[in-house]
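In: please find the sequence and the predicted model below.
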Amino acid sequence: MAYKETMNEIKNRRSEMMTLRKDIRELQASIEPEEVTDYIFSTSGEDVTLTSLFGEKDTLFVIHNMGTSCVHCTQWADGFNGVLDHLQDRAAFVVSSPDVPSVQKDFADSRGWKFRMISHHGTSFASDMGYIGEYEGKQSFWPGVSVFKRDGDKVMRVSDASFGPWDDYNPVLNLFELIPEGSGDWEPKYSYL
């Protein structure tokens, strides 16, 4: 197909995607929030509650990260690090993983991450939020994001989304999809040196 003809078709499909996104936003606005437990998490400092993570904000993003064992989760976290100031202008933001705080701190320092990290190790948080399942016969954590709002003394989950290689939260692979052969067999790495 000729370049201009193909690009016109792609433009039409992107327009359809924008309409679908609008429909999804309308559905999102109609969600009945669910109350959640005020979990206690470990950090490299003192233990913190889910409520305390809001700080002065009324909205909190909690990234469900699989930890140091997942290069894909590392790539997402690297990306969030770059937009952290923008995100924190509107909402509180933390990354949660099953790694113990000392492992989290060492790994975050090695990556230059600026965001706050919490450990859900030893809690039911990931399971309760739906971010733990079975993979190849073993229990496995899954990546994603949960969005919480404060409602007086209550914490309400108002949204969540799973992460996967071609989701809306992975700018690297989405840009690679503009290359005719897509991302091919490319996989993220911890280092490209």
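Out: Yes, it's here.
In: going forward, measure contacts and count neighbours with C-alpha atoms only.
Out: OK.
In: how far does the lengthiest helix in the chain sit from the chain's center?
Out: What stands out as the longest helix in the chain, according to DSSP state H, is helix 3-29. Per C-alpha atoms, centre = their mean, to the nearest Å, the displacement of helix 3-29 from the mean C-alpha position of its chain is 23 Å.
In: show me the contact partners of whatever helix or strand comes next after it.
Out: Under the assignment DSSP states H and E, the closest C-terminal helix or strand after helix 3-29 is strand 34-36. Here strand 34-36 makes contact (C-alpha atoms under 8 Å, 6 or more residues apart in numbering) with 154-158.
In: strand 34-36: how far from the chain's middle?
Out: With C-alpha atoms, centre = their mean as the basis, the distance from the averaged C-alpha position of strand 34-36 to the chain average is 19 Å.
In: that strand pairs with which strands?
Out: Sheet partners assigned to strand 34-36 using DSSP bridges are listed as strand 154-162 (antiparallel).
In: so the partner strand versus helix 3-29, what angle?
Out: Relative orientation of strand 154-162 with respect to helix 3-29: 160 degrees, computed using axes from the mean of the first three to the mean of the last three C-alpha atoms, to 10 degrees.
In: buried ones in the helix or strand that strand 154-162 is followed by, by neighbour count?
Out: As assigned by DSSP H and E, the chain's next helix or strand after strand 154-162 is helix 171-176. Within helix 171-176, the residues that qualify as buried by neighbour count (16 or more other C-alpha atoms under 10 Å) are 173-174.
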